[in-house]
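A.B. asks: Turn this into a model:
(one chain, ligands or ions: 2)
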Amino acid sequence: MPRFAANLTLLFNDVPFLERFDAAREAGFRGVEYLFPYEWPATTLRQRLDDTGLEQVLFNLPPGDWAAGERGIAGLPDRVSEFREGVDQALDYARVLDCPRLNALAGLLPPDGDPQACRMTLIDNLRWAADRLATEGRTLLVEAINSRVDMPGFLLDTSTDALSVIEAVDRPNVLFQYDLYHMQIMEGDLIRTLRRSLSRIGHVQFADNPGRQEPGTGEIAFPTVFRALDEMGYDGWVSAEYRPTGSTLDSLDWLPARRQ
Ligand SMILES: O=C(O)[C@@H](O)C(=O)CO
Ligand SMILES: [Mg+2]
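C.D. replies: Ligands and ions are numbered 1, 2, ... in the order given. Alright, predicted model coming up:
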């Protein structure tokens, strides 16, 4: 079975954020991720990891103005200096949290934006960030997000797009964040596309579809997909990034630690 991590932005929402570390550890997780660490001091988050023995597996680079609807700036031509400052801020957190992976969100196509100019900006920014992360042995991830349901206009929305950008970036420490939920919406054919992308996959996330809730609420055959990930030799983290239908504990039937 894969190594499962909990996304603390979506899971354990019945307790305040800093208490979710204990909840995740007690539920049987060994690793955690969350969208953004920036509203807490890095030392506070470090303390929560030390208290619980959890590993920080991932967080995102600063995404621009999330509350105003922005969903990343890595592909926005007029935000390059802000993107670069964000990489440095994220690295400050990554050092304290000992986090080996950072995810860059490409962002939404701006009104009147030119998709080709955005793609070039994305490639340049990923190259710049990758070189920065490489000096510390960290990996930069880039995620494809569905543009049909959750993020219309997102600049990178299929595995084909993501792999083509990663190939153009041409840096060994840039890998694909494969989210089963988003790829089910955009492409389906999950096991075949996982296999095709495997050498470039650095992180996997999941939720069932439709609804973005726990396994068993939708159409994805999770036991089959998890088994296939094992069989194809994927040995990275697989993070639960879903909104539980009820309490998180009641949504964890898929987690092997809960069944022992
Ligand atoms: O899938 C997602 O939505 C996340 O992984 C993310 O980082 C941006 O929302
Ligand atoms: Mg995701």
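A.B. asks: residue contacts, the closest residue in space to T121 that isn't next to it in sequence?
C.D. replies: In space, T121 comes closest to P77 once its chain neighbours are excluded; the distance is 4.6 Å by Cβ to Cβ, 6 or more residues apart in numbering. Any C-beta I mention is one placed from the backbone N, CA and C, and that applies to glycine too. For P77, the contacting residues are 113, 117-118, 120-121, by Cβ atoms under 8 Å, 6 or more residues apart in numbering.
A.B. asks: before we move on, what about G31?
C.D. replies: Neighbouring residues of G31 by Cβ under 8 Å, 6+ apart: 3-6, 54-57, 237, 239.
A.B. asks: Can you name the next helix or strand after the longest helix along the chain?
C.D. replies: The single longest helix within the chain, with elements called by DSSP state H, is helix 115-134. Where DSSP states H and E defines the elements, the next helix or strand beyond helix 115-134 is strand 139-143.
A.B. asks: What helices and strands are in contact with that next one?
C.D. replies: strand 101-104, helix 115-134, helix 159-169, strand 174-179, strand 201-206 (3 or more Cβ pairs under 8 Å, 6 or more residues apart in numbering; DSSP states H and E).
A.B. asks: Let me know whether it sits next to ligand 1.
C.D. replies: Yes. Using Cβ under 6 Å from any ligand atom, strand 139-143 reaches ligand 1 at E143.
A.B. asks: Show residues contacting that strand.
C.D. replies: Residues contacting strand 139-143 (Cβ under 8 Å, 6+ apart): 58, 74, 100-106, 122, 126, 129-130, 133, 156, 162, 165-166, 171, 173-177, 179, 182, 202-203, 205.
A.B. asks: What's the nearest residue in the stretch 151-260 of the chain when you look at ligand 1?
C.D. replies: Ligand 1 sits closest to D179 of the stretch 151-260 of the chain, with a gap of 4.8 Å, by Cβ to the nearest ligand atom.
A.B. asks: Which positions in the host helix or strand of V87 come out as buried?
C.D. replies: In this structure, V87 sits in helix 80-97 according to DSSP H and E. For helix 80-97, a neighbour-count test (16 or more other Cβ atoms under 10 Å) marks 83, 86-87, 90-91, 93-94, 96-97 as buried.
A.B. asks: what residues does this structure put near ligand 1?
C.D. replies: Proximity of the chain to ligand 1 (Cβ under 6 Å from any ligand atom) is limited to residues 35, 60, 103, 105, 143, 145, 179, 182, 205, 241.
A.B. asks: Filter the residues you listed down to just the buried residues.
C.D. replies: 35, 60, 103, 105, 143, 145, 179, 182, 205, 241.
A.B. asks: beta partners of the fifth one?
C.D. replies: Which is E143. Applying DSSP bridges to E143 yields these beta-bridge partners: Q177.
A.B. asks: by how many degrees do the helix holding V87 and helix 115-134 diverge?
C.D. replies: Our comparison of helix 80-97 with helix 115-134, counting by axes from the mean of the first three to the mean of the last three Cα atoms, to 10 degrees, yields an angle of 30 degrees.
A.B. asks: Show residues contacting helix 80-97.
C.D. replies: By Cβ under 8 Å, 6+ apart, helix 80-97 touches 37-38, 42-43, 45-46, 49, 56, 59-62, 64, 73-74, 76, 99-100, 102, 121, 124-125, 128-129, 132-133, 136, 138.
A.B. asks: Surely A162 is in contact with A144?
C.D. replies: Yes. Shown here, A162 and A144 form a contact pair, counting by Cβ atoms under 8 Å, at 4.3 Å.
A.B. asks: Between those two, which contacts overlap?
C.D. replies: 156, 176.
A.B. asks: Isn't I123 up against V169?
C.D. replies: Yes. The pair I123 and V169 passes the contact test of Cβ under 8 Å, sitting 5.5 Å apart.
A.B. asks: Just list the residues touching V15, thanks.
C.D. replies: A23.
A.B. asks: three-state assignment of it?
C.D. replies: Classification of V15 using DSSP: H, G, I helix; E, B strand; the rest coil returns coil.
A.B. asks: count of neighbours near I220?
C.D. replies: 20 (other Cβ atoms under 10 Å).
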